[in-house]
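Participant: give the three-dimensional model of this entry:
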Amino acid sequence: MSESTISQRLADDMKEAMKAKNAAALNVLRGLKSAIKYAAIEKHGAEGNLDDAEAVAVVRKQIKQRQDSIESYEKAARPELVANEQAEIDVLEKFLPAGLSEAEIGSLVAACIAEVGATSKKEMGAVMKLVQERAAGRADGKALSQEVMKRLG
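Facilitator: The predicted structure follows:
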């Protein structure tokens, strides 16, 4: 399995952060590199690499962790920590593919519902599986789920 383009971009961004002496970005990038390597080892063994779709899933997971932290910090009235987490999210979001618009999500969901032949919420699992596969990390799972529920209503 060849190395993903995300891994290459990550290495390049780490070099840039080092040259710019941007310690905050460098820490986030190192953490992401570590998370990707750990996921690769878990999935493919010591010499394995993740493809881009798998690497995007790791990036999304890292962003989700920071969003959860932001919620906690907001409840604790810690704006400086919220700002730090948001800055880290901004660095991580550069590794995500361009997102789908609401209209694109709507048409994707409609096509998947038609393909599965779903008529009620009972078939939501089958529709979600297909939608997530086709979205390929370009949309948040929550947004996809809400659109499927709205259409299967």
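Participant: now the residue lying farthest from the centre of the chain: how far from Lys129?
Facilitator: Centroid-distance maximum for the chain: Thr119 at 29.2 Å, with C-alpha atoms, centre = their mean. Separation of Thr119 from Lys129 (C-beta to C-beta, to the nearest Å): 17 Å. C-beta: built from backbone N, CA, C; applies to glycine.
Participant: tell me where the chain has strands.
Facilitator: Counting by DSSP state E, the chain has no strands at all.
Participant: show me what counts as buried in the top helix by length along the chain.
Facilitator: Counting residues, the longest helix in the chain under DSSP state H turns out to be helix 52-75. In terms of neighbour count (16 or more other C-beta atoms under 10 Å), helix 52-75 has its buried residues at 52, 54-56, 58-60, 62-63, 65-66, 69-70, 73.
Participant: spit out the contact partners of Ile63.
Facilitator: Listed by C-beta atoms under 8 Å, 6 or more residues apart in numbering, the contact set of Ile63 reads 89, 92-93, 96.
Participant: and what of Thr119?
Facilitator: By C-beta under 8 Å, 6+ apart, the contact set of Thr119 is Leu152.
Participant: pLDDT at it, what is it?
Facilitator: Thr119 is assigned a predicted lDDT (pLDDT) of 84.
Participant: what's the answer for the one 5 residues further on, then?
Facilitator: What the model reports for Met124 is a pLDDT of 88.
Participant: report how many residues lie close to it.
Facilitator: By other C-beta atoms under 10 Å, the residues close to Met124 number 18.
Participant: hang on, it packs against Met149?
Facilitator: Yes. Counting by C-beta atoms under 8 Å, Met149 is a contact partner of Met124 at 6.9 Å.
Participant: okay, now the unreliable bits of this protein?
Facilitator: For the chain, the stretches flagged by pLDDT under 70 are 1-4.
Participant: 90 instead, please
Facilitator: Scanning the chain with the threshold set as pLDDT under 90 gives 1-8, 43-57, 60, 96-102, 116-127, 129, 132-145, 150-153.
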